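> Next one to model:
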Amino acid sequence: MAIQQKLSLMIPGPTPVPEKVLQALSKHPIGHRSKDFQDLVEVTTKNLKWLHQTKNDVITITGSGTAAMEAGIISTLSKGDKVVCGENGKFGERWVKIAREYGLEVITIKAEWGSPLNPKNFKKILEEDKQKQIKAVILTHSETSTGVINDLKTISSHIQEHSKALSIVDCVTSLGACNVPVDDWGLDIVASGSQKGYMIPPGLSFVSVSEKAWEAAKKSCLPKFYLNLKSYKKSLASNSNPYTPAVNLVFALDESLKMMKEEGLENIFARHNRHKLAVSSAIKALNLKLFADEEHLSPSITAIETGEIDAEEFRKTIKNKFDILLAGGQDHLKGKIFRVGHLGYINDRDIITVITAISNALLEQNKISTQEVGEALFAASKHLNIN
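Have a look, this model is predicted:
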C-alpha cells in the first residue's frame, strides 16, 4: 500500500488546520439548544468581538463567506436602492452580480485586476450624491483572486462623511491576517469565513453588524429567510441560533480563537506581513513577476505571473513532486498566474518549503540558476525568524 500523501495547502482557503482544532472538531456533538452549547456560543461570540475589535454584534452563520456577504446585503437594503460596488477582481464581480440579482441599482467603481481600487473615486461619487440616494458601498478588502489589498480605511472614511451609506465589506481573507479595527474604521457590515484566517474547515461565516446597519435592517424589504440577520440577532440575545448550526465547527472555532488570543493580534498581523514580504522578495529573486501592485500586496496571498510558463502545468508539477497545493488564476488569468497562500496556520518553515519547491521546479526547467535559488532563499530569510 502506498504511503498516503501529505498534501500541504498553500492556497487562500481552505487553509491548514491545527491539530488542537482537529481534535476539537472530533468531539461528540451536543444539543444545539442545550445550556452547554449556549455557554459555548457566549464564549465564541465574545472572542469574535475581540478579533473584530468591535462592540457590535458578531453573528455566526452556517454557510460560506458568500452567504455572509449576501446576508449583509439583503438584510439591510431594499429593491431599487442605489449602491456603489468596488470591482477589481473575481470577488468584487460577485458582489455586483448579487446586488443586481436582488434588483439594486449598481454603480461600479473599477480597477484593473492586479491594481487597487482608488479611494478618490469613492470620495467623488459619494460627494456628488447630494440627495443621499446611495444606500451602501460594497467592496472587497483583500481581493483573493489577484493578491491585492484595497485601502479600506480611507474608503471607509469617505463613506462615513456621506453619513447615510452603509459599508458592506468582504474581509474574508483579511480578517485574522491584518488589522481590521471595525469600530475605529466605522465599518457597518463585515463578512468573513471560517476556512481562512480562522484556521478551521469551511462551513461557518461571520458577520459584524453595526447599530447603523441594524437601523437600516428595520426598513429592508428584500426577500430573505435563512440569511435574515434579524433572526440571528434575536437568537444571539439568548446565545442561540435560529436554525441548526454546525455544532462541531463551533467546537473548532472555540479552540482556534483561543489559539489566536494566545498569539495576540499584533503578533498575528506581524507574522502574516513577514510571510508576505518573504514570498514576494523570493519571487523577485527568481525572476518572476508579482501580479499585484507591489505597494498593495495582500498579507494573505501572493499572485505570480509565469510569462511563457503555463501556470496550470507548473502547479501540477509542484503538487506531484512536492505535495504542495498552489492556487491557480481565475477566469482570464487561468494559466497565466499561480497564487501562493500564506494565510492562517502557516509558519516560517512552510514559507521556506514552498519557495524551495518553486525554485526547484524552475531550476529543472532551466529557467533559473542555482545561484538564483540561493538568492531567493536568502531574500526570504531576511524577513523570517531563522536568521
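
> Tell me the confidence at residue 4?
The score at residue 4 is 55. That number is its pLDDT.

> Equivalent analysis for residue 93, please.
pLDDT at residue 93 comes out at 97.

> same question, the one 10 residues further on
Per-residue pLDDT puts residue 103 at 98.

> I'd assumed residue 80 was in contact with it.
Yes: counting by CB atoms under 8 Å, residue 103 does reach residue 80; the two are 6.3 Å apart. C-beta here means a position set from N, CA and C on the backbone, and glycine is covered the same way.

> okay, now residue 246: neighbour count?
By other CB atoms under 10 Å, the residues close to residue 246 number 22.

> Hmm, it is touching residue 203, no?
Yes: in terms of CB under 8 Å, residue 246 counts as a neighbour of residue 203; the distance is 5.0 Å.

> what is in contact with these two at once?
Residues touching both residue 246 and residue 203 (CB atoms under 8 Å, 6 or more residues apart in numbering): residue 62.

> Where do the domain boundaries of this protein fall?
Residue ranges for the domains of the chain, per automatic domain parsing: 8-13+264-381, 19-262.

> can you tell me the distance between the two ends of the last one?
Okay, so that is domain 19-262. Taking CA to CA, to the nearest Å, the first and last residues of domain 19-262 lie 16 Å apart.

> likewise stretch 341-350?
End-to-end span of stretch 341-350 (CA to CA): 10 Å.

> Any idea how many residues pack against the closest residue in space to residue 175 that isn't next to it in sequence?
Leaving aside its sequence neighbours, residue 175 sits nearest to residue 192 (CB to CB, 6 or more residues apart in numbering; 4.1 Å). One way to gauge burial is a neighbour count; for residue 192, by other CB under 10 Å, it gives 29.

> which residues of the stretch 101-250 of the chain fall in helices?
Under the criterion DSSP state H, counting those that start in this stretch, helices of the stretch 101-250 of the chain are mapped to 119-128, 152-162, 211-217, 229-236, 247-263.

> Those helices into TSV, with extra columns for mean pLDDT, mean neighbour count and distance to residue 99?
Listed next are the helices of the stretch 101-250 of the chain as TSV, based on pLDDT from 0 to 100; neighbours: other CB atoms under 10 Å; distance: least, CB to CB, whole Å:
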stretch	mean pLDDT	mean neighbour count	distance to residue 99
helix 119-128	98	16	15
helix 152-162	98	20	16
helix 211-217	98	18	15
helix 229-236	98	18	17
helix 247-263	98	20	28
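
> what would these look like in TSV with distance to residue 8?
As requested, the helices of the stretch 101-250 of the chain are exported to TSV (distance: least, CB to CB, whole Å):
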stretch	distance to residue 8
helix 119-128	37
helix 152-162	30
helix 211-217	39
helix 229-236	35
helix 247-263	19
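
> right, and the ones you listed - which one's nearest residue 69?
The closest approach between residue 69 and any of the helices of the stretch 101-250 of the chain, judged by CB to CB, belongs to helix 229-236 at 11.8 Å.

> Mind jotting down where the strands sit in this structure?
Listed in chain order, the strands of the chain (DSSP state E) span 8-10, 57-62, 82-87, 105-110, 134-140, 142-143, 148-149, 166-170, 189-193, 204-209, 289-290, 301-305, 324-328, 337-341.

> Quick one: mean pLDDT over the fifth one.
Averaging pLDDT along strand 134-140 yields 98.

> Dump the C-alpha coordinates for that strand into CSV.
Taking Å, rounded to 0.1, in the frame of the first residue of the first chain, the C-alpha atoms of strand 134-140 are listed here in CSV:
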residue,chain,number,x,y,z
ILE,A,134,-26.6,55.9,-2.2
LYS,A,135,-27.6,53.4,0.5
ALA,A,136,-24.4,51.3,0.6
VAL,A,137,-20.8,50.9,-0.6
ILE,A,138,-19.9,47.2,-1.2
LEU,A,139,-16.3,46.2,-1.7
THR,A,140,-13.6,43.6,-1.0
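
> mind starting the numbering at 40 from now?
I'll keep to 40 as the first residue from here, and by that count the last item is strand 173-179.

> now for the top helix by length along the chain, which elements pack on it?
Ranked by residue count and defined by DSSP state H, the top helix of the chain is helix 304-324. Applying 3 or more CB pairs under 8 Å, 6 or more residues apart in numbering; DSSP states H and E, one finds that helix 304-324 makes contact with strand 328-329, strand 340-344, helix 387-403, helix 409-420.

> Which parts of that helix count as buried, going by neighbours?
Buried residues in helix 304-324, counted by 16 or more other CB atoms under 10 Å: 304, 307-308, 310-324.

> How about the contacts made by the most centrally placed residue in the chain?
With distances taken as CA atoms, centre = their mean, the residue of the chain nearest its centroid is residue 212 (1.4 Å). With CB under 8 Å, 6+ apart as the criterion, the residues that contact residue 212 are 51, 52, 180, 181, 183, 235, 236, 337, 339, 340, 382.

> next one: stretch 382-397 to chain centre, how far?
A distance of 19 Å separates the centroid of the chain from that of stretch 382-397, by CA atoms, centre = their mean, to the nearest Å.

> Mind checking the pLDDT average for it?
In the prediction, stretch 382-397 has an average pLDDT of 97.

> Can you mark which positions in it are buried?
With the criterion 16+ other CB under 10 Å, stretch 382-397 contains buried residues 382-385, 387, 389-391, 393-397.

> for these, which one is nearest residue 359?
Checking the buried residues of stretch 382-397 one by one against residue 359 (CB to CB), the nearest turns out to be residue 396, at 10.9 Å.

> Could you check how far stretch 81-97 is from the centre of its chain?
17 Å.

> do the same with stretch 354-369
21 Å.

> got it, and stretch 276-287?
23 Å.

> now the end-to-end length of it.
Its start and end residues considered, stretch 276-287 measures 21 Å (CA to CA).
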